[in-house]
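generate a structure from the sequence data that follows.
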Amino acid sequence: MSGIVAGALTAHPPILLPEVGGAESQRVQATAHAMQELDAILMAAPATLAIVISPHSPSSMTSLPVRRATRVGGDLARFRAPQVRVEADVDLDLASKLVADGQRAGFALTWAEDSELDHGVVVPLHLLPRTMKSKHCVFLGVSGWPLQRFLAFGGWLQQWLQHRGAILIASGDLSHRLTPDAPYGFRPEGPVFDRLVIDALRGHDWQRIEGVDPDLVEEAGECGLRPLAILLGAARAAGLTSQVLSYEGPFGVGYPVVAFTGARVALDIQDLGRRAIETYLRSHQLIEPPDRIPMEWRAPSAAFVTLRKNGAMRGCVGSTRPTEATAAHELIRYAIASAVRDPRFHPVRLDEVPLLSIRVQLLDPAEPLTDITRIDPKTDGIIVRSGDRQALLLPGIEEIVTPEQQLRAACQKAGIDRHAALQVERFRTRTFE
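Model prediction:
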């Protein structure tokens, strides 16, 4: 596969990072967790190049700037967090060819000499570390082109990259006028604009965005529409689909996180899990996942597989770190382990396999935690360690409603004294049934 193989519309509020927002960052946890999910999706895309577009990069009324440097960097010093810094290698040969070929195709591209990356680039790249690992980049700004020109450029860009796999990251927030305390004050058009964009992306009805009323755009006070238009033009030409991972606006600004991937392929969790268990019980062999693995199942991921029979638990085993090449392989391994290696239950029999229901929880990377009051037992799982003992507790356990209850339950599970020196990590899960 070549051209734009995946992409994303990403919010870029510096307050998303605890280094900038402190306790206020908790108010945008949905966006933070969606960025983790996006990182897992994009890292699995077969691409060595990232095209990154920011509305806060160098801009021009008539031309679209392309950064000219072999290596660029930037930090969040202006947001009192100079320690948050990203650096990236630029594919300067490709950027030079882009400018020349784009000009010949009738698109006014120009060079931008400024190499310091803005927060519209720093924030997304900082939050997509696995995606950006080992990738070369081309960085674009925006211009005063009409919306249709950005769409046309995106379509041309997809064709131009036909021999190179790339992801396209369109950095941008939506309306800055959602509430009276918003940065630009309140306008009723703000919520209307955001609802239109998000609904159109959820329903894959992109024409609504492409034909949006310019007066509505002006009154909404957005910054992400032009990068999004390039992405939409490229995504349409590449046959990608949009998936809204999150949207929220707690500070009066709309924060979208939207993944663009190939046509969605469903993974039948029940069928794959039951076939894995049945094959192993009959022959002690491991089956392989389907040839076409959905994007969200291609990256490595720790996983827990829960088996139920007639609603009652029949096994639950998983991993705290990835042990297989893909999440789909992890599902197979731990479906079998849940069936035959959970010491709390007798091994599953062949005649029971058709009666099993299967739930898979993919674990996002865990983060160290020192303040347990920041745990939400409904959505956060925890890993507790002390010496050579450890235990993992998944989120959403009905009888656990407070962080202290969750910590005590994890300690009890591991045989650890609650008052011992503890290492605690927090993680989120993505659930599939």
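
which parts of the protein are helices?
Using DSSP state H, the helices of the chain run over 18-21, 29-43, 92-104, 119-127, 129-132, 147-160, 189-202, 207-210, 214-220, 225-238, 269-283, 327-340, 403-414.

now do the same contact list for F193.
L174, S175, V212, L216, V217, E219, A220, E222 (CB atoms under 8 Å, 6 or more residues apart in numbering). Where you see a C-beta, it was placed from the backbone N, CA and C, and this is true even at glycine.

check contacts around the nearest residue to A40 once chain neighbours are set aside.
Closest residue to A40 apart from its sequence neighbours, by CB to CB, 6 or more residues apart in numbering: A299 at 4.9 Å. Applying CB under 8 Å, 6+ apart to A299 gives the contacts A40, I41, M43, A44, R130, T326, A327.

mind checking which of the residues you listed are buried?
A40, I41, M43, A44, T326, A327 (16 or more other CB atoms under 10 Å).

spit out the contact partners of the first one.
I take that to be A40. So A40 contacts R130, E296, A299, S301, D364 (CB under 8 Å, 6+ apart).

what of P300?
P322, E324, A325, T326, A327, E330.

okay but the fourth one is in contact with P294, surely?
Translated: T326. No. Using CB atoms under 8 Å, T326 is not in contact with P294, being 10.2 Å away.

between the helices of the chain, which one is closest to L9.
helix 225-238 (5.4 Å; CB to CB).

pull the closest one out as PDB, backbone CA atoms only.
Below are the C-alpha coordinates for helix 225-238, written out as PDB (Å, rounded to 0.1, in the frame of the first residue of the first chain):
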ATOM      1  CA  LEU A 225     -10.400  23.400   9.200                       C
ATOM      2  CA  ARG A 226      -7.600  24.100   6.700                       C
ATOM      3  CA  PRO A 227      -5.300  21.200   7.900                       C
ATOM      4  CA  LEU A 228      -8.400  19.000   8.000                       C
ATOM      5  CA  ALA A 229      -9.300  20.000   4.400                       C
ATOM      6  CA  ILE A 230      -6.000  18.800   3.200                       C
ATOM      7  CA  LEU A 231      -6.500  15.500   5.100                       C
ATOM      8  CA  LEU A 232     -10.000  15.100   3.700                       C
ATOM      9  CA  GLY A 233      -8.800  15.600   0.200                       C
ATOM     10  CA  ALA A 234      -6.000  13.000   0.600                       C
ATOM     11  CA  ALA A 235      -8.200  10.600   2.600                       C
ATOM     12  CA  ARG A 236     -10.900  10.600  -0.100                       C
ATOM     13  CA  ALA A 237      -8.300   9.900  -2.800                       C
ATOM     14  CA  ALA A 238      -6.800   7.100  -0.700                       C
END
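
quick one: furthest residue from the center of the chain?
In the chain, the residue that sits farthest from the middle, by CA atoms, centre = their mean, is D351; the gap is 39.8 Å.

please tell me how far that one sits from D205.
Note on D351: its distance to D205, by CB to CB, to the nearest Å, is 48 Å.

just the contacts of F193 now: which is nearest R430?
Looking across the contacts of F193 and measuring by CB to CB, the closest to R430 is L174, at 24.2 Å.

got the contact list for the nearest residue to that closest one once chain neighbours are set aside?
Counting by CB to CB, 6+ apart, L174 lies nearest to G254, which is 3.1 Å off, once chain neighbours are set aside. Contact partners of G254, counting by CB under 8 Å, 6+ apart, are A11, D173, L174, S175, H176, L178, G190, D194, I198, E222, Y247, E248.

so the closest residue to L49 other than its chain neighbours bridges to which residues?
Leaving aside its chain neighbours, L49 sits nearest to A166 (4.1 Å; criterion: CB to CB, 6+ apart). Beta-bridge partners recorded for A166 (DSSP bridges): I4, L49.

okay, A166: pLDDT?
pLDDT, A166: 97.

got the contact list for G273?
G273 sits next to V305, L307, L331, I332, A335, L356, I358, V360 when contact means CB under 8 Å, 6+ apart.

mind doing that once more with 7 Å?
V305, L331, A335, I358 (CB atoms under 7 Å, 6 or more residues apart in numbering).

pretty sure the first one sits against S319.
Same thing as V305. No. Assessed by CB atoms under 7 Å, V305 is found out of contact with S319, at 9.7 Å.

neighbour count: the two, which is higher?
V305 (27 against 18; other CB atoms under 10 Å).

give the contact list for the nearest residue to that one once chain neighbours are set aside.
Nearest residue to V305, sequence neighbours excluded (CB to CB, 6+ apart): Y334, at 4.2 Å. Under the criterion of CB under 7 Å, 6+ apart, the neighbours of Y334 are A303, F304, V305, V317, G318, S319.

so how far is D39 from the closest residue in space to the first one that isn't next to it in sequence?
Read that as A303. Take A303 and drop its neighbours on the chain: the residue closest to it by CB to CB, 6+ apart is E330, 4.3 Å away. Computed as CB to CB, the E330 to D39 distance reads 17 Å.
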